[in-house]
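Trainee: okay, predicted coordinates and the sequence, questions at the end:
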Amino acid sequence: DGGITQSPKYLFRKEGQNVTLSCEQNLNHDAMYWYRQDPGQGLRLIYYSQIVNDFQKGDIAEGYSVSREKKESFPLTVTSAQKNPTAFYLCASSTTSGATYEQYFGPGTRLTVT
Amino acid sequence: AQSVTQLGSHVSVSEGALVLLRCNYSSSVPPYLFWYVQYPNQGLQLLLKYTSAATLVKGINGFEAEFKKSETSFHLTKPSAHMSDAAEYFCAVSGGSQGNLIFGKGTKLSVKP
């Protein structure tokens, strides 16, 4: 089955530690996205990548970093500079051909930092 | 710039009643529009999409939405609510930078027995 996997489902870290969230897709999509979700705030775009070895900041990139070394993988690092990292993180992917912009989502990772 | 407004952060209906979730958008170009559903602690699942074909779009689980250009709306409806419809629903419009989607803040649907 094609899809997007995110691991782990739940992640706990101490304040001051960096943490990396995994996102893998086997849909052969060129574009990948990271969103942060907080109650009542909808989805906010952190970073996105349209092609391997290239990525752009979204609306709330401060305190986060990404890499795109392979088409299938788009890991997100939450650094100690992120002031309020506890949230639900969603990864998505889409094709860049056909222009319908439909995004497919992974199951999410809930990060708790104490 | 494109934007999406979902009216009502919480909607409550009785089982068997009509479901109506409202979405208005602003777009300088003909948009593509989407409705997604999210169950607790899960990712988003596409319900339906409008891509400039038929204005009445049918989706999964009995949901449908009508694109009304004159009203810049794309409201989601279902004739008869089921307990399993309780979830959060997000409307999205294409047109962000490099084709990104812009999401509304979501509407949480509760279904009472």
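Mentor: Done, it's in. Remember, it's a predicted structure, so these values are computed and weren't measured experimentally.

Trainee: C-alpha coordinates for stretch B:62-73, PDB please?
Mentor: Included here for stretch B:62-73 are C-alpha records, laid out as PDB according to Å, rounded to 0.1, in the frame of the first residue of the first chain:
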ATOM      1  CA  GLY B  62     -22.100  10.500   2.000                       C
ATOM      2  CA  PHE B  63     -20.700  14.100   2.100                       C
ATOM      3  CA  GLU B  64     -21.000  16.600  -0.700                       C
ATOM      4  CA  ALA B  65     -20.100  20.200  -1.300                       C
ATOM      5  CA  GLU B  66     -21.300  22.800  -3.800                       C
ATOM      6  CA  PHE B  67     -19.000  25.400  -5.300                       C
ATOM      7  CA  LYS B  68     -20.700  28.800  -5.600                       C
ATOM      8  CA  LYS B  69     -18.600  31.300  -7.300                       C
ATOM      9  CA  SER B  70     -20.900  34.200  -6.700                       C
ATOM     10  CA  GLU B  71     -20.900  33.600  -3.000                       C
ATOM     11  CA  THR B  72     -17.200  32.400  -2.800                       C
ATOM     12  CA  SER B  73     -18.400  29.500  -0.800                       C
END
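
Trainee: that one and chain A in contact?
Mentor: No. Using CB under 8 Å from any CB of the partner chain, we find that stretch B:62-73 stays clear of chain A, coming within 14.3 Å at best. (Glycine included, C-beta is placed from N, CA and C.)

Trainee: which ones are touching residue 63?
Mentor: By default, I'm working from chain A. By CB atoms under 8 Å, 6 or more residues apart in numbering or on different chains, the contact list for A:G63 reads A:78-79, A:81-83, A:85.

Trainee: could you do chain B instead?
Mentor: B:F63 makes contact with B:19, B:35, B:47-48, B:76-78, according to CB under 8 Å, 6+ apart.

Trainee: please see if stretch B:9-23 touches chain A.
Mentor: Yes. For stretch B:9-23, a contact with chain A is found by CB under 8 Å from any CB, at B:S9.

Trainee: just the buried residues of that stretch, please?
Mentor: By neighbour count on 16 or more other CB atoms under 10 Å in any protein chain shown, the buried set for stretch B:9-23 is B:11, B:13, B:19, B:21-23.

Trainee: quick check, nearest of those to chain A?
Mentor: The nearest member of the buried residues of stretch B:9-23 to chain A, counting by CB to the nearest CB, is B:C23 at 12.2 Å.

Trainee: show me the contacts for the residue lying closest to the closest one once chain neighbours are set aside.
Mentor: Leaving aside its sequence neighbours, B:C23 sits nearest to B:C91 (CB to CB, 6 or more residues apart in numbering or on different chains; 3.5 Å). The contact partners of B:C91, by CB under 8 Å, 6+ apart, come to B:4, B:6, B:21, B:23, B:25, B:33-35, B:74, B:76, B:103-104.

Trainee: re the thing from before, what would the contacts of A:G63 look like in TSV with distance to A:N28, pLDDT and neighbour count?
Mentor: Rendered in TSV, the data for these read as follows (distance: CB to CB, whole Å; pLDDT from 0 to 100; neighbours: other CB atoms under 10 Å in any protein chain shown):
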residue	distance to A:N28	pLDDT	neighbour count
A:V78	27	96	25
A:T79	30	94	15
A:A81	34	89	11
A:Q82	31	90	21
A:K83	36	90	7
A:P85	31	94	21
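
Trainee: just the ones of those residues in strands?
Mentor: Applying DSSP state E to the contacts of A:G63, the entries found in strands are A:V78.
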